Structure formats: structure tokens, C-alpha cells
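Student: Sequence first, then the predicted structure:
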Amino acid sequence: MYKQNSQPVNAAFFVQLFVPFALAFFMSCLLRTINSVLAPTFIETFNMSASDLGIMTSAYFLSFAVAQIPLGVFFDRFGPSRTLSFSLLFAVIGCIVFASAQTMLFLFIGRALVGLGVAGCMIAAYKAFGDWLPKDKLPIFNSMESFVGGIGGIVATAPINAALSFINWRTVFLIFAGLTFLSAVIVFFAPNKKGNTNESIGRQFTDAFRICLTGRFWRLAPLAILGQSAYLALNSLWIGPWYKDVMNVPGNYVPQLLLICACVITIGYFFNGIIANRLKKHFTIPVYKTVIFTMTIYTVILFFIALLPQLGKIWWPFFVLLGPFSLLTYPIFSDLFRNDLAGRAQAVYNMLVFVLSMVIQSGIGYIIDMYEPTSDGGYNPAGYATAFLILASLLALSILWAIFFRRKEHELKY
């Protein structure tokens, strides 16, 4: 393999590059998904409504979104490893605050600090890979990174639930604080390439916001952003409560179903780049067409979940299998802009993804609260159905946009 500056990259260098960012992304996915398993504990301990649960959990996405453009600027200016190593320290503090929280306010603050700290994990890896690895290999290496993140999602399900038999959830978060600090130290020593820019930081921020105004950005953005946001919002919180409230799955069995979903997600993470690469190489099918096709099936499945919930144990694994295909859009957005804007282009996209993830996650909670609770105190299944139908309809509209919006003026080639 060769760097973009034609210097050889051996296997040892690749391990030095890949492992630190993979470890950081593992922690990011673990911390993002953990509330789906701990939701019943939080509801009981803090007497949370559906909207309370949605707001507290979505604090992660709120701070995650706020950090994206500054991180994109810092990645382009100072390099991904130094920037990420520093930002992970906020996640360490967040885990400690969360573990110590006695009220929902401090849960929110802790969760927000965690989101702020891990906000750059995925983009830092993609930026570092783009700096050092051949362009035609990026979908595969990005998939490998996502695969490790998927393992983090697996650990956040049944394994964490089993650990709760021996330690409480507060101790779990203190352990997470230690592991996150370790990953920050390791990332600091990863290969780092600073941007060769003489632009002021103010100009870099201005360029980042200008990306939002370009037609070529919005050619695919609605589908890419909504597709990934829906996947993140549902997988990181609402699938577990849905199993309990809609399918009446016993609480101790829900983590097992979430484990199945997490394993399927990991498969999707691993194979999305491989499939897209093969289709592009052997059948000249652009990556963006693969995204549109998989997101169409994904949307249909969400309609089925809303309308035919009795088959939810079948629908959810297929839904989460296709969710990671939305990640294929990251290299597409990088390809639309010059190299020195790549970090900021991905950061703008990521910011919008996590803003919408927060809106979807908390919005579902508000919609559920519009319906009377069931006789056993659970959330009303009609609330889930209404929320999911609205979300699926928006996804369908975004697919039509991606197919027909200015396809001649802003042709996608990647």
C-alpha cells in the first residue's frame, strides 16, 4: 500500500494507524448504544417518561453535533490523532459525571460530555485513512473501522447486561472512563498529518459553512443524513423499549434480542464497503446508487415494522443490517470537494446527521407521550407506530429527492 505522498506503508505502519482509531471508535459505539440496554434501569431509578428518556439519551447527539464543524477545522489544521486524543478527555469526564449523577440534569450533562468527547472518533479515522491510504481502498478500510465499532455495540448489549449481575451501572461507567482515557493515550501516538494551510481559523470555519450552501452537497444529503440519523436514533435507544412495549418481550430477554441486532449491525459494517467496492469495480455501479437501493429497502422495512409489528423479530435485524450502508456516503461527500476541505465536508455532514438524530430520538419520545400508557405502565404501541410511520414517510421523500434533484447539474460519480 502507498500513502498519497507515495511513501510506502507497511503492515506495521497500518497497525499503528488502524488500531488506535479503531479502539476509540469501539468506545464511541459502546457509549452510544449502552442506553438501549440500561433504559429500564433509568426509567425505574429516575422515574422517566418517554420524552425524558429521549431527551437525556439524545444529549449525546446534541453535543456530538455541536462539535462537528470545530473538529473538522481542527482535523484539517492540526491532524486527526492530536485533535481526537484531546477531545476524548471530555468523554472521560462525562463518564465520571454520569456515574455520579443523582438527578436527570446531571445524567444529561454527563451524557452531553460523553458525546462531545467521542464526537470525532469516526471522522478522525476516516480523515487519517484518507491522509495515508490509497483512495480506492478507503471503503474497505472504513468498513473495517465500522466493524470494530459494531463490536462495541455488541458489548453494549447482553455482555453489559450480564455484568450488571455483579456490578451496578455506575461502576460500569467508571470502567468506561478508564478505558476511554487509555484510548486517548494510544490515539495520541498514532500517525498524524497536519494540514498544509495558511488560512486563518476564521476562514476555515467560513468555508465549512459554505459547504452547506452548495447544490452538489444537497444532491444526496437529505437521504444520507436522514438514513443515518434514523438508524442511530432507533438503534441507540428505541429498539429495546419497542420490543418490551409492542411485542411484550420479557425485560430479561430484551438484551438477547439487542445482541442479535448488534451482531447483524457488525455484519453490515464489515460488508457494506466490500459490497460497494465489488459492485463499483466489477459492475461499474457507483457507490451512491448502492446507497439509494439499500436505503429504499431499509425504508420499506421500517414501514413494515410500523404496520406489521408482530413480525418485529424478523424486521429489526434486517433494518439494522442495512443501516450501516448509509455510512458509504462519507467518501462520496469527500469526493465532492477538494482535498483540503475533506475533513470539513465530512464534519458538516456529520453535524447535520447528529442534529437530526437528536431531533428524531427525542421526537419519538414526545410522540409516544401523546398516547396514554398501557394498563401495566408501559409506553403505548400506537405511539411507536405513529412515530415510525412519520419517519418512514420522510425517508421515502428523501429517496425521491436523491433520485430526481438536479441530477444533471450535480452528477454524482463516486
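Tutor: Yep, it's here.
Student: Tell me how far R32 lies from G378.
Tutor: Shown here: R32 relative to G378, a distance of 24 Å by Cβ to Cβ, to the nearest Å. Quick note: C-beta positions are derived from backbone N, CA and C, even for glycine.
Student: Return the mean pLDDT over the host helix or strand of I399, rounded to an integer.
Tutor: For I399, the host element (DSSP states H and E) is helix 381-404. Helix 381-404 comes out with an average pLDDT of 95.
Student: Please identify the buried residues of that helix?
Tutor: 381, 383-388, 391-392, 394-396, 398-399, 401-402 (16 or more other Cβ atoms under 10 Å).
Student: Return the list of helices and strands in contact with it.
Tutor: helix 221-233, helix 239-246, helix 287-307, helix 342-369 (3 or more Cβ pairs under 8 Å, 6 or more residues apart in numbering; DSSP states H and E).
Student: Repeat the analysis, applying 10 Å as the threshold.
Tutor: When contacts are defined as 3 or more Cβ pairs under 10 Å, 6 or more residues apart in numbering; DSSP states H and E, helix 381-404 packs onto helix 50-78, helix 221-233, helix 239-246, helix 287-307, helix 342-369.
Student: Quick one: work out the angle between the fourth one and helix 221-233.
Tutor: Put simply, helix 287-307 runs at 50 degrees to helix 221-233, going by axes from the mean of the first three to the mean of the last three Cα atoms, to 10 degrees.
Student: next structured bit after helix 287-307?
Tutor: Following helix 287-307 toward the C-terminus (DSSP H and E): helix 312-322.
Student: ok, T386 touching D369?
Tutor: No. With contact defined as Cβ atoms under 10 Å, T386 and D369 do not form a contacting pair (11.5 Å).
Student: and for the two, which residues touch both?
Tutor: N380 (Cβ atoms under 10 Å, 6 or more residues apart in numbering).
Student: quick revisit: now render the helices and strands packed on helix 381-404 as JSON lines, adding distance to G202, mean pLDDT and mean neighbour count.
Tutor: What follows is those, written out as JSON lines (distance: least, Cβ to Cβ, whole Å; pLDDT from 0 to 100; neighbours: other Cβ atoms under 10 Å):
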{"stretch": "helix 50-78", "distance to G202": "10", "mean pLDDT": "87", "mean neighbour count": "24"}
{"stretch": "helix 221-233", "distance to G202": "25", "mean pLDDT": "92", "mean neighbour count": "25"}
{"stretch": "helix 239-246", "distance to G202": "42", "mean pLDDT": "94", "mean neighbour count": "23"}
{"stretch": "helix 287-307", "distance to G202": "33", "mean pLDDT": "94", "mean neighbour count": "20"}
{"stretch": "helix 342-369", "distance to G202": "13", "mean pLDDT": "86", "mean neighbour count": "24"}
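Student: For T329, find the nearest of those helices.
Tutor: Closest to T329 of those is helix 221-233 (Cβ to Cβ; 3.9 Å).
Student: what packs against the closest one?
Tutor: helix 50-78, helix 287-307, helix 312-322, helix 329-335, helix 342-369, helix 381-404.
Student: nearest to R219, of the ones you listed?
Tutor: Using Cβ to Cβ, the nearest of the helices and strands packed on helix 221-233 to R219 is helix 381-404, at 7.4 Å.
Student: hang on, the earlier thing: for R32 and G378, indicate the residue with more neighbours.
Tutor: In terms of neighbours (other Cβ atoms under 10 Å), R32 is the more surrounded of R32 and G378; the figures are 26 against 15.
Student: if I read this right, the more buried one contacts G150, doesn't it?
Tutor: No. Assessed by Cβ under 10 Å, R32 is found out of contact with G150, at 11.5 Å.
Student: ok, T41 - contacts?
Tutor: When contacts are counted by Cβ under 10 Å, 6+ apart, T41 is found next to N35, N161, L164, N168, W169.
Student: How confident was the prediction at L321?
Tutor: 93.
Student: Am I right that it is in contact with N235?
Tutor: No. Taking contacts as Cβ under 10 Å, L321 lies outside contact range of N235: 11.3 Å.
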